[in-house]
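Engineer: Sequence and computational prediction follow.
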Amino acid sequence: MEANSKVSVIAGDIEIDLEGAAMEVEEQLILHRQDDTWTIMLDRLAQARKDALEAAVSAAKEKGLPERGSAFRVLLETCSLERKPDQVLGAIHYLRSVEGIQDSPPRVINQLFSDAKIDPPGNLSLYLNRLRERKFLVIPPGKEDKNRFAHLTEEGRAHLDKRSTA
């Protein structure tokens, strides 16, 4: 005796409700995939997910939850990062650790400063190169020695930690 299987999915006006032996359900599902019903349903679910994320961001802004500029500003204030090189190091840390951004060209870093209502660093390459010389930043192998991929070393993290306890 074969066990019954059931698949039921509703996305807007499209409803797939399959029931029967596992093999029958699988055959019916294959037919739905062939006539684009499945693709249309997946597209609608993807759009619903996108809409839900946008609604969550909008609700967070309406409730006054911190956005990236104020969150970055709090990091700088908490760690007493007042000098521009320390702020640039804090920006790299924030982008990598908080936002999960691994590729941050100068415009991304400058925008973070602008969002926080802090004057951008200006000659960003100069700051990044000096932080690399101090062994606070490193560029991963295979990234063609581009500063946009730099991330904090243990020494860089220790420097930020030291600043926050100072």
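Structural biologist: Great, that's in hand. Residues are numbered from 1 along each chain as shown.

Engineer: Who are the contact partners of Ser5?
Structural biologist: For Ser5, the contacting residues are 18-22, 25, by Cβ atoms under 8 Å, 6 or more residues apart in numbering. From N, CA and C alone the C-beta is placed, and that goes for glycine too.

Engineer: If you average the pLDDT over the host helix or strand of it, what comes out?
Structural biologist: Using DSSP states H and E, Ser5 sits within strand 4-11. For strand 4-11, mean pLDDT rounds to 84.

Engineer: Ok, stretch 16-29 next?
Structural biologist: Averaging the model's pLDDT scores along stretch 16-29 yields 88.

Engineer: Tell me which stretches of the protein form strands.
Structural biologist: Under the criterion DSSP state E, the chain contains strands at 4-11, 14-21, 137-138, 151-152.

Engineer: ok so, going back, the strand holding Ser5 vs strand 14-21, what angle?
Structural biologist: Counting by axes from the mean of the first three to the mean of the last three Cα atoms, to 10 degrees, strand 4-11 lies at 180 degrees to strand 14-21.

Engineer: and strand 4-11, which residues are buried?
Structural biologist: Within strand 4-11, the residues that count as buried by 16 or more other Cβ atoms under 10 Å are Ala11.

Engineer: of the contacts of Ser5, buried ones?
Structural biologist: 18, 25.

Engineer: Just put the contacts of Ser5 in CSV and tack on distance to Pro121.
Structural biologist: Shown next, in CSV, are these (distance: Cβ to Cβ, whole Å):
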residue, distance to Pro121
Leu18, 58
Glu19, 62
Gly20, 65
Ala21, 66
Ala22, 61
Val25, 60
